[in-house]
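Asks: mind folding the following:
(one chain, ligands or ions: 1)
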Amino acid sequence: MVRVRFAPSPTGHLHVGALRTALFNWLFARHHHGTFVLRIEDTDVARSSEEMSRSILEALSWVGLDWDEGPIYQSQRFEIYRRAARTLVDRGLAYYCFCSPEEIEKRRQETQARGEHWKYDRHCLNLSEKEKQDLREKGVAAAIRFLVPEGVTEFDDLVHGHISVDHRNLEDFVLLRGDGFPTYHLSVVVDDIDTGITHVIRGDDHISNTPKQILLYRALGAPVPQFAHLPLILGPDRKKLSKRHGDTSVLNFRDKGYLPLAFFNFMAQLSWSPGNEEKIYSIEEMVREFSLERISKGSPVFDLNKLEWLNSRLINELPLAELIAQLRPWLEKAGLWSDELVTTRRDWFERLVNLTRSRSRTLVDLSGMIAPFISDRFSYDPEAVRKHLLNGELDRVLPLLQDDFQKLENFSAQEIERTLRERAEKEGIKAAILIHALRVLVLGRAVSPGLFEVLELMGREQTLARMGKLSEVRKMIEN
Ligand code: GLU
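Replies: Numbers count the residues shown, from 1 in each chain. Down below sits the predicted model:
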């Protein structure tokens, strides 16, 4: 039975690197009908916060990752880690260390000054019971260090293949600090054992921790899980993805109007491809196809253009009802939503969304595109006004066109187009000049789907009203 875990530290918002780890654990669990455990690694009490824990859960839920067990909070398990460390001391597999950081630092510098490699020198391994007792009575705090045995640790990483580490390169690492707080190695292994984790899937940055942790599993008498370390994500400049490359927190992508499924596809395809990179996969398809063997060793590049491309594809491919459901919160937030849009005005609204979605890369774009059809609260792009509304001919021709529109029996795209072209011909003005001007007047922008359909959906009344605002709009750019 497959059991995996995602174990974020709540010291910041969930970022894309951690999300990819969560995603692969989740896909692996679902593919094998296994269990996905969520564990919050908040042992660093000073740097962790409940707010960040909540934000992490929110981000996972947005992407569509649910968990079967947890969240388990490590901060509630300190006593369990302490007990495990003491058990190892009792069994002679770990020992108390009374060295202060300053003493260790001094000896490190001395060793390195002699040109020798430093690792903890086991100063405290051979203290007698009496010496330890004296130190305790003096109030010197004791850490617990793992006693690394001689030998070699080997494991077969499911991504990187065979890895072997000589213990001469490992120092007796700390399990429990002098203040009683566990180190990362101890709490991770104790919890992985307690929750029966079979596969540890995590970032490459943990690969050097793995041999120490394998030693701990063995010392604690537990079976060692399998490991899969995911390659580091790079920015477009091929440097480690970081803040320099922009806001990489997952919720930021939600707030920018990306669809969760587009984001899911994008993230999954960092290191793995279900086959066709041009296709948007459903979650079920990805679960069916997922395998750790197909994860590539090379570092993937975080390419926002790809995400944007996937998102606009999905905005266009999604069944209309689903798209409207995703769009609704955005319209609500902008004060543009009313229930009529899905009751009495449903046909109209569906045509509107269908027309505008082809030009939208995000839900923010789409909501912005829809705004002028629903409300007068939209802004005019000054650049577009300057370019298309300053032509003096408009003062003469637009009122004539308003008249024409007024008289139309049927305010349909076809009729609007015919009328506009006839009027342009008669007045000796290019139709394109009128088309561009109308677009800016009714939508505030220079690009949109086909104008005639736009005007039909806008309706005669609103079209005429906005055509009448020519001088008002011109004034706006004067200041
Ligand atoms: N809490 C660790 C981190 O956020 C993960 C530990 C692990 O996966 O073993 O990097």
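Asks: where are the low-confidence patches of this protein?
Replies: For the chain, the stretches flagged by pLDDT under 70 are 479.
Asks: what about the residue of the stretch 251-400 of the chain at minimum distance from the ligand, neighbour count?
Replies: Using CB to the nearest ligand atom, Leu292 is the residue of the stretch 251-400 of the chain that sits closest to the ligand, at 15.3 Å. Quick note: C-beta positions are derived from backbone N, CA and C, even for glycine. Number of residues near Leu292 (other CB atoms under 10 Å) recorded here: 17.
Asks: before we move on, what about Asp134?
Replies: So Asp134, with other CB under 10 Å, has 13 neighbours.
Asks: ok, Ser471 next?
Replies: Considering only other CB under 10 Å, Ser471 is surrounded by 10 other residues.
Asks: need the contact list for it.
Replies: By CB atoms under 8 Å, 6 or more residues apart in numbering, Ser471 lies in contact with nothing.
Asks: buried sites along the helix or strand containing it?
Replies: Assigned by DSSP states H and E, Ser471 belongs to helix 470-476. Across helix 470-476, burial judged by 16 or more other CB atoms under 10 Å covers 470, 473-474.
Asks: show me which of those residues is closest to the ligand.
Replies: Looking across the buried residues of helix 470-476 and measuring by CB to the nearest ligand atom, the closest to the ligand is Val473, at 52.7 Å.
Asks: what sits against Ala262?
Replies: 280, 307, 310-311, 313-314.
Asks: who wins for neighbours among those residues?
Replies: Counting by other CB under 10 Å, top hit in these: Asn311 with 26 neighbours.
Asks: what segments of this protein are strands?
Replies: 3-6, 35-40, 69-73, 94-97, 143-146, 152-157, 161-166, 174-176, 199-203, 226-230 (DSSP state E).
Asks: in helices, which of the contacts of Ala262 fall?
Replies: 307, 310-311, 313-314 (DSSP state H).
Asks: what subset of those residues is also close to the ligand?
Replies: The subset of the ones in helices among the contacts of Ala262 within reach of the ligand, by CB under 6 Å from any ligand atom, is empty.
Asks: quick one on the thing from earlier: tell me the contacts of the residue of the stretch 251-400 of the chain closest to the ligand?
Replies: With CB under 8 Å, 6+ apart, Leu292 has these contacts: 24, 28, 158-159, 199, 201, 228.
Asks: can you lay out those as TSV showing neighbour count and distance to the ligand?
Replies: Converted to TSV, those look like this (neighbours: other CB atoms under 10 Å; distance: CB to the nearest ligand atom, whole Å):
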residue	neighbour count	distance to the ligand
Phe24	25	12
Phe28	21	14
Leu158	18	15
Val159	19	14
His199	19	11
Ile201	27	8
Ala228	21	11
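Asks: surely Asp179 is in contact with Ala141?
Replies: Yes - the criterion here is CB atoms under 8 Å, and Asp179 meets it with Ala141 at 6.7 Å.
Asks: between the two, who's got more neighbours?
Replies: Between Asp179 and Ala141, counting by other CB under 10 Å, Ala141 is the more crowded of the two (14 against 7).
Asks: re the thing from before, could you dump the strands of the chain into CSV with distance to Arg466 added?
Replies: Below are the strands of the chain laid out as CSV (distance: least, CB to CB, whole Å):
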stretch, distance to Arg466
strand 3-6, 51
strand 35-40, 52
strand 69-73, 52
strand 94-97, 77
strand 143-146, 73
strand 152-157, 63
strand 161-166, 65
strand 174-176, 70
strand 199-203, 53
strand 226-230, 53
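Asks: what about Leu88, how many residues close to it?
Replies: 22.
Asks: hmm, Phe36 and Trp67 touching each other?
Replies: Yes - because the distance of 5.2 Å satisfies CB under 8 Å, Trp67 is recorded as touching Phe36.
Asks: quickly list what's touching both of these two.
Replies: Phe6.
Asks: nearest residue to Val189 other than its sequence neighbours?
Replies: Leaving aside its sequence neighbours, Val189 sits nearest to Leu216 (CB to CB, 6 or more residues apart in numbering; 4.3 Å).
Asks: tell me the contacts of that neighbour?
Replies: Counting by CB under 8 Å, 6+ apart, Leu216 has contacts 146, 175, 185-186, 189.
Asks: gap between it and the ligand?
Replies: The gap separating Leu216 from the ligand is 12 Å, by CB to the nearest ligand atom, to the nearest Å.
Asks: do the same with Tyr95
Replies: 25 Å.
Asks: count of neighbours near that residue?
Replies: 20.
Asks: any buried residues in stretch 333-345, and which?
Replies: 334, 336-337, 341.
Asks: how far does it sit from its chain's centre?
Replies: 30 Å (CA atoms, centre = their mean, to the nearest Å).
Asks: try stretch 145-164
Replies: The answer for stretch 145-164 is 32 Å, by CA atoms, centre = their mean.
Asks: now the stretch 101-250 of the chain against the ligand: closest residue?
Replies: Arg202 (3.8 Å).
Asks: for the chain, what lies in contact range of the ligand?
Replies: 7-9, 41, 188, 202, 206.
Asks: now do the helices in the stretch 201-350 of the chain.
Replies: Along the stretch 201-350 of the chain, counting by DSSP state H, counting those that start in this stretch, helices occupy 210-219, 250-255, 260-268, 283-289, 304-317, 320-333, 346-357.
Asks: dump those to CSV, plus distance to Ile104.
Replies: Formatted as CSV, the helices of the stretch 201-350 of the chain follow (distance: least, CB to CB, whole Å):
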stretch, distance to Ile104
helix 210-219, 18
helix 250-255, 39
helix 260-268, 41
helix 283-289, 48
helix 304-317, 45
helix 320-333, 54
helix 346-357, 62
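Asks: returning to that earlier point: can you name the residues that contact the residue of the stretch 101-250 of the chain closest to the ligand?
Replies: 7, 21, 228-230.
Asks: 7 Å instead?
Replies: Listed by CB atoms under 7 Å, 6 or more residues apart in numbering, the contact set of Arg202 reads 21, 229-230.
Asks: gap between it and Arg218?
Replies: 20 Å (CB to CB, to the nearest Å).
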